[in-house]
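Student: Starting from these lines, generate the structure:
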Amino acid sequence: MSKYKIYNKESNVEGQELFDHISMVQNLGCREILIQSFDNDGTGNGLDLKLLELIPDGLLTVPLIFAGGIGKSEHMLTGLSHPRIDAVCTANLLNFINHGLVNARKRLKLSNF
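Tutor: I've put the predicted structure just below:
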């Protein structure tokens with residue numbers, strides 16, 4: 001059993017394991033999955049790549065959006081460069097870091113994204 005939990009829109013803990021939930025939503029026809037680390041969210045310390053490592057290869061059959069912890073443009077680049085991540089999601093970097101959007105765009109452009 002993993003330490004990771006599924007929360008619904010009311011922030012109540014669901015009774016399902018993360019991996020079972022991923023399989024279930026894909027079977028229901030989900031076209032993409034957003035995984036957000038609440039522990040890392042708002043910290044600016046980087047993405048929770050340990051969580052991603054726990055997801056078995058082949059389990060995800062749809063694009064993955066990863067979120068929680070992006071505080072520098074380098075964190076975006078790390079996520080976008082990861083072979084299992086299709087997109088990243090951030091608010092902290094763009095809303096609360098001085099020149100976050102401008103710096104992120106420059107950094108990503110320099111890295112050919």
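
Student: from here on, contacts and neighbour counts on C-alpha atoms
Tutor: Noted.

Student: Buried by neighbour count: which residues of the worst-scoring helix or strand of the chain on mean pLDDT qualify?
Tutor: Least confident helix or strand, the chain: helix 92-96 with a mean of 74, by mean pLDDT, DSSP states H and E. With burial defined by 16 or more other CA atoms under 10 Å, the residues of helix 92-96 counted as buried are 92, 93, 94.

Student: Ok, stretch 104-113 next?
Tutor: Buried-residue list, stretch 104-113, by 16+ other CA under 10 Å: 104, 107.

Student: got the contact list for that stretch?
Tutor: By CA atoms under 8 Å, 6 or more residues apart in numbering, the surrounding residues in contact with stretch 104-113 are 72, 73, 74, 76, 77.

Student: How about stretch 28-38?
Tutor: So stretch 28-38 is contacted by 22, 47, 48, 62, 63, 64, 65, 66, 67, 68, 69 (CA under 8 Å, 6+ apart).

Student: For those residues, which two are the farthest from each other?
Tutor: Using CA to CA, the contacts of stretch 28-38 reach their maximum pairwise distance at 62 and 69, which is 22.4 Å.

Student: Could you check which of these two is surrounded by more residues?
Tutor: residue 69 (26 against 14; other CA atoms under 10 Å).

Student: wait, that one sits on residue 78?
Tutor: No: using CA atoms under 8 Å, residue 69 is not in contact with residue 78; the gap is 11.7 Å.

Student: Going by distance to residue 15, which of the contacts of stretch 104-113 wins?
Tutor: residue 76 (31.1 Å).

Student: per-residue confidence for the closest one?
Tutor: Looking at residue 76, its pLDDT reads 91.

Student: What's the separation between it and residue 57?
Tutor: Separation of residue 76 from residue 57 (CA to CA, to the nearest Å): 22 Å.
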